[in-house]
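Novice: give me coordinates for this.
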Amino acid sequence: MSHRLNWTYFTLFLAVVGFTTVLHGAEKEKILQVLKDRVVSQPKTGHHFIKSYAQRDVSYIYDQALAIMAFTHSKNKKEAKNLLSTIENLYLQHGPLHFAYMTEGSSAFAGDETRIIHGAMAWIVMSANYYQKQFKDKQFTPFAHKILTYLETQKVSALGGEAIRFAQKDLSTTPWDETQVLALEHNIDAYS
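Specialist: Next up is the predicted model:
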């Protein structure tokens, strides 16, 4: 490659990095506003959910965890705490967290299809840990510990060690048994 072409690529790289750095502050505020606009509050139950989709009133707990982290990172303790409190309340009422909730608080997958996906639960622990670190607030430490204690019960022997099963129960709508799946991604989530 010629020196001129190398210099062109290098200049383009610097321009893109410089532009995104300048844009970052303004874009960050826009994204945070979009997140704030997607928070659904239920006055009757006190629940606060981030809507995962614009047109559906569903919140995946992974999205809830990412929103908690985004609000925590932006020092918006109120929004982060509201979202974490909702998830903590649902955990205490229903045991392990469901994979998704409707924004009024019911499981998005009812009956046979109740889904308790372990990697997604691990993200809630990560968001609670980040909240604790950022705000020096240990309110959600016992909650995070309860989730980790539950995840410990989902370990099985595998490959000369242990791994966490993908899901708590087998789903009738899939041809495989979710309790026999040991997903690398979900184990890395839980390990994190």
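
Novice: which helices and strands does the helix or strand containing L151 pack with?
Specialist: Using DSSP states H and E, L151 maps to helix 141-152. Contacts defined by 3 or more CB pairs under 8 Å, 6 or more residues apart in numbering; DSSP states H and E place helix 141-152 against helix 77-94, helix 118-135. Heads up, the C-betas are built off the backbone N, CA and C, glycines and all.

Novice: give me whichever of the ones you listed is most buried.
Specialist: Greatest average neighbour count among the helices and strands packed on helix 141-152 goes to helix 118-135 (a mean of 20), per mean count of other CB atoms under 10 Å.

Novice: picking up where we left off before, what angle separates the helix holding L151 from helix 77-94?
Specialist: With axes from the mean of the first three to the mean of the last three CA atoms, to 10 degrees applied, the angle from helix 141-152 to helix 77-94 works out at 50 degrees.

Novice: ok, D177 to F135 distance?
Specialist: 41 Å (CB to CB, to the nearest Å).

Novice: got the buried residues for stretch 160-173?
Specialist: Of all the residues in stretch 160-173, those buried under the rule 16 or more other CB atoms under 10 Å are A163, I164, R165, F166, A167, Q168, L171.

Novice: would you state the strands of the protein in chain order?
Specialist: 39-42, 47-50, 58-60, 100-102, 155-158, 161-164 (DSSP state E).

Novice: kindly export the helix holding L151 (C-alpha atoms) in CSV.
Specialist: Extracted C-alpha coordinates of helix 141-152, given in CSV (Å, rounded to 0.1, in the frame of the first residue of the first chain):
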residue,chain,number,x,y,z
THR,A,141,-26.4,-6.0,47.6
PRO,A,142,-28.6,-8.5,49.4
PHE,A,143,-30.8,-8.8,46.3
ALA,A,144,-27.8,-9.4,44.1
HIS,A,145,-26.6,-12.0,46.6
LYS,A,146,-30.0,-13.8,46.4
ILE,A,147,-29.7,-14.0,42.6
LEU,A,148,-26.2,-15.4,42.8
THR,A,149,-27.3,-17.9,45.4
TYR,A,150,-30.1,-19.0,43.1
LEU,A,151,-27.6,-19.3,40.1
GLU,A,152,-25.4,-21.5,42.2
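
Novice: returning to what we had before: which of the helices and strands packed on helix 141-152 has the lowest average pLDDT?
Specialist: Ranked by mean pLDDT, the helices and strands packed on helix 141-152 bottom out at helix 77-94, with a mean of 91.

Novice: much appreciated, bye for now.
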